[in-house]
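Undergrad: Test case, fold it:
(one chain, ligands or ions: 1)
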Amino acid sequence: MQLQSDILSAQKVVILRHTKADYDAVGSQFGLAKLIAEKGEADQIIVGGSLPLNLINFGWETSPLKESDFEQALVILLDTATLSRIDFDGLNASVLQNARQIIKIDHHPVKEDEYPENTQRYIDTEASSTSEVLCKLFEINGNDVSLELAQYLYTGIIGDTGNFSYGFSSQTFVTTAQLVAGHDIQKFTDINHSLTVSSLDEARMKGYYYTNMQTEDDTAWIIISQQVLKKYSWSAELMSVYVNLLGTIEGIKKWILCIQYDDLSWRLRIRSQNVMINHLAQEYGGGGHPNASGIILQNSKQVEEQIQEIIEKLKKIK
Ligand SMILES: [Mn+2]
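TA: Residues are numbered from 1 along each chain as shown. Okay, the predicted model is just below:
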């Protein structure tokens with residue numbers, strides 16, 4: 001097929017994916033880079049985008065992007081429904097104007113993707129993950145590729161299916177079986193394990209959530225001040241990663257994390273299972289999606305009262 005040969009014959013390739021990268025974003029990105037390195041002709045393969053704190057220790061690496069990277073390049077955009085979510089590493093999407101060719105590969109269904117008109121799209125909404133899309137597109141067989149390549153794509157598949165607990169089809173198993181063929185299976189079970197373990201510090205953060213969260217009916221909340229963060233030397237940013245732990249308690253349908261940053265301002269993250277909570281965020285100058293919204297409150301004498309007021313209002317949302 002033309003698409004595969006365009007990718008494998010390109011001399012200069014830039015591979016990007018969405019911001020707040022997850023395992024599929026990064027797994028498909030590095031998996032494709034490795035595939036091009038092993039089977040393609042490129043002498044320049046550029047892999048960009050910042051990595052979230054919880055993925056940094058996973059052995060992935062990206063390089064800072066420059067505008068000149070895009071000149072005459074084949075740019076491949078992975079796992080990202082809309083262009084505005086692409087991680088250009090601080091650059092503007094206008095750098096795409098210098099690209100020789102643009103290809104989008106994804107598994108998310110979307111009507112309007114904002115991508116440039118000349119973008120070639122390959123979207124397989126039946127696939128569990130972009131990593132699975134790549135496996136199918138290139139008919140990847142583990143016997144013909146390195147262990148490292150197979151591990152990247154495997155990580156993407158188990159990332160988006162939560163270790164095969166949702167969002168997969170029978171084809172996902174066929175594709176995955178072919179992907180791991182010929183390699184020591186222990187190298188893949190090691191990945192399953194590494195995705196479920198956390199550092200001692202992270203485990204203690206989660207423990208803090210479970211110990212200190214409060215609940216009433218279907219609402220859960222936790223308030224974490226700078227005082228607490230300083231006491232344990234935790235960052236507000238990393239601590240916020242676990243906001244959805246509040247939603248893992250039986251019967252909880254909406255929850256809020258109120259956390260204080262270094263500059264003493266408060267970020268309130270409101271989440272819900274199926275009730276709409278964004279109007280509450282809007283009421284306080286915040287915003288977001290129906291099930292995930294945020295509010296920023298500057299530090300003041302009234303801030304604690306304000307937080308309590310917001311929690312009370314959240315409890316009443318049905
Ligand atoms: Mn994905």
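Undergrad: How many residues are close by the residue in the chain positioned nearest to the ion?
TA: Here the residue of the chain nearest the ion is D24; by CB to the ion that distance is 3.5 Å. Backbone N, C-alpha and C define where each C-beta goes, glycine included. Neighbourhood size, D24 [other CB atoms under 10 Å]: 28.
Undergrad: Could you do the one 5 residues further on as well?
TA: Here the number of neighbours of Q29 (other CB under 10 Å) works out to 30.
Undergrad: Helix or strand with the lowest mean pLDDT in this structure?
TA: Sorting the helices and strands of the chain by mean pLDDT, DSSP states H and E puts helix 53-56 at the bottom, at a mean of 71.
Undergrad: before we move on, the earlier item: wait, is the residue of the chain closest to the ion part of a helix?
TA: Yes. With DSSP: H, G, I helix; E, B strand; the rest coil as the criterion, D24 is assigned to a helix.
Undergrad: now it: how far from L35?
TA: 16 Å (CB to CB, to the nearest Å).
Undergrad: next one: S50
TA: The value you get for S50 to L35, if CB to CB is used, is 23 Å.
Undergrad: Please identify which of the two sits among more neighbours.
TA: L35 (24 against 16).
Undergrad: Let's verify the more buried one: helix, strand, or coil?
TA: Relying on three-state DSSP, one would call L35 helix.
Undergrad: mind listing what it touches?
TA: L134, F138, I140, V145, L149 (CB atoms under 8 Å, 6 or more residues apart in numbering).
Undergrad: near the ion, which of these show up?
TA: Filtering the contacts of L35 for proximity to the ion by CB under 5 Å from the ion leaves nothing.
Undergrad: Now F164. Nearest residue, chain neighbours left out?
TA: Spatial nearest neighbour of F164, excluding adjacent residues (CB to CB, 6 or more residues apart in numbering): I158 at 6.6 Å.
Undergrad: what residues does the stretch 1-150 of the chain put near the ion?
TA: D24, D79, S129, T130.
Undergrad: Does the second one touch V110 like I think?
TA: No. The pair formed by D79 and V110 falls short of the contact definition of CB atoms under 8 Å, at 12.0 Å.
Undergrad: Of the two, which one has the most company?
TA: Per other CB under 10 Å, whichever of D79 and V110 has more neighbours is D79, with 29 against 14.
Undergrad: any chance you could map the helices in this structure?
TA: Taking DSSP state H to define them, one finds helices in the chain at 2-9, 23-39, 53-56, 130-137, 147-160, 170-180, 186-196, 200-212, 226-232, 236-240, 278-283, 303-316.
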